[in-house]
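>>> Sequence and predicted structure below; questions after.
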Amino acid sequence: NAGVTQTPKFQVLKTGQSMTLQCAQDMNHEYMSWYRQDPGMGLRLIHYSVGAGITDQGEVPNGYNVSRSTTEDFPLRLLSAAPSQTSVYFCASTSLAGANVLTFGAGSRLTVL
Amino acid sequence: GQQVMQIPQYQHVQEGEDFTTYCNSSTTLSNIQWYKQRPGGHPVFLIQLVKSGEVKKQKRLTFQFGEAKKNSSLHITATQTTDVGTYFCASAGLNYGGSQGNLIFGKGTKLSVKP
């Protein structure tokens, strides 16, 4: 079991560029989410999904798009990167039938110049 | 919206000293979870508390959930260098569609341990 796999681990973008952070889980979890972590701000929820074809906004959704075409994959898209999106991004998943304990990926560190 | 406040933000201790981090909410929490994030790593689940007044132990770590289910604490006895990291409390947030998977995280307490 790989758990939650995120790619890339590191990325540097220029302002205005677009990119996609990939997230895949092999635990058949219904729920997947994206968090961003900034110094002193803790973890803030960007978008989440409770199943294939269903997505919704979290606390800080602006500037990000998501889709959930399969149970396994939940990519996060930045359409036009801004310096304010410089952060560490974590994908997480859980089974909604259990205790809702989140399993996190290793993280993706994004720098926008 | 629902918030979970965590203090202190930083704690520096000498190895062997005790450490406590506190988590407070203005609203009643359905449960509280604790996660640990090692430097450069990702959050890893430690424990979940559900019942009012619940106390759970994991070796040198003691977790408590308040009687009113509005606060929680994590206490580490005789810290070791392996305890270094940031400790987060989290609770199911009802702000975003009510999904129990949506955890609201405290801002974390960063623990450093001097050998």
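Arrived safely, thanks for sending.
>>> what about the residue nearest the centre of chain B, is that helix, strand or coil?
Nearest to the geometric centre of chain B sits residue B:89, at 3.4 Å (C-alpha atoms, centre = their mean). The local conformation at residue B:89, judged by DSSP: H, G, I helix; E, B strand; the rest coil, is strand.
>>> Please name the spatially closest residue to it (chain neighbours excluded).
Spatial nearest neighbour of residue B:89, chain neighbours left out: residue B:23 (3.6 Å); criterion: C-beta to C-beta, 6 or more residues apart in numbering or on different chains. Any C-beta I mention is one placed from the backbone N, CA and C, and that applies to glycine too.
>>> That neighbour pairs with what?
residue B:6, residue B:72 (DSSP bridges).
>>> Tell me, how many residues neighbour it?
26 (other C-beta atoms under 10 Å in any protein chain shown).
>>> ok, it - contacts?
By C-beta atoms under 8 Å, 6 or more residues apart in numbering or on different chains, the contact list for residue B:23 reads B:4, B:5, B:6, B:32, B:71, B:72, B:73, B:74, B:89, B:106.
>>> picking that back up, quick one: the residue nearest to the centre of chain B and residue B:25, what's the gap?
Counting by C-beta to C-beta, to the nearest Å, the separation of residue B:89 from residue B:25 is 9 Å.
>>> how near is the residue nearest to residue B:89 to residue B:31?
12 Å.
>>> which stretch of helix or strand covers residue A:49?
Using DSSP states H and E, residue A:49 sits in strand A:42-51.
>>> strands paired with the helix or strand that comes right after that strand, and their directions?
Downstream of strand A:42-51, the first helix or strand assigned by DSSP H and E is strand A:54-57. Sheet pairing of strand A:54-57 (DSSP bridges) gives strand A:42-51 (antiparallel).
>>> Would you mark the buried spots in the partner strand?
A:42, A:43, A:44, A:45, A:46, A:47, A:48, A:49, A:50 (16 or more other C-beta atoms under 10 Å in any protein chain shown).
>>> Where does the prediction get shaky in the chain?
Went with chain A since none was named. For chain A, the stretches with pLDDT under 70 are A:1.
>>> Hmm, no, I was thinking of chain B.
Applying pLDDT under 70 to chain B flags residues B:1-2, B:93-100.
>>> on that earlier part again, any residues in contact with both of residue B:89 and residue B:25?
residue B:4.
>>> buried subset of the contacts of residue B:23?
Buried subset of the contacts of residue B:23 (neighbour count, 16+ other C-beta under 10 Å): B:4, B:6, B:32, B:71, B:72, B:73, B:74, B:89, B:106.
>>> Could you find the closest non-adjacent residue to the fourth one?
Right, the one you point to is residue B:71. Nearest non-adjacent residue to residue B:71 (C-beta to C-beta, 6+ apart): residue B:24, at 4.7 Å.
>>> go on, the first one?
In this structure, residue B:4 finds its nearest non-sequential neighbour in residue B:106, 4.5 Å apart by C-beta to C-beta, 6+ apart.
>>> close enough to count as contact, that neighbour and residue A:43?
No: Residue B:106 is not in contact with residue A:43 according to C-beta atoms under 8 Å; the separation is 9.1 Å.
>>> What values do phi and psi take at residue B:9?
The phi/psi pair for residue B:9 (degrees, to the nearest 10) reads phi -80, psi -40.
>>> let me fix that: residue B:81
Main-chain dihedrals, residue B:81, degrees, to the nearest 10: phi -60, psi -20.
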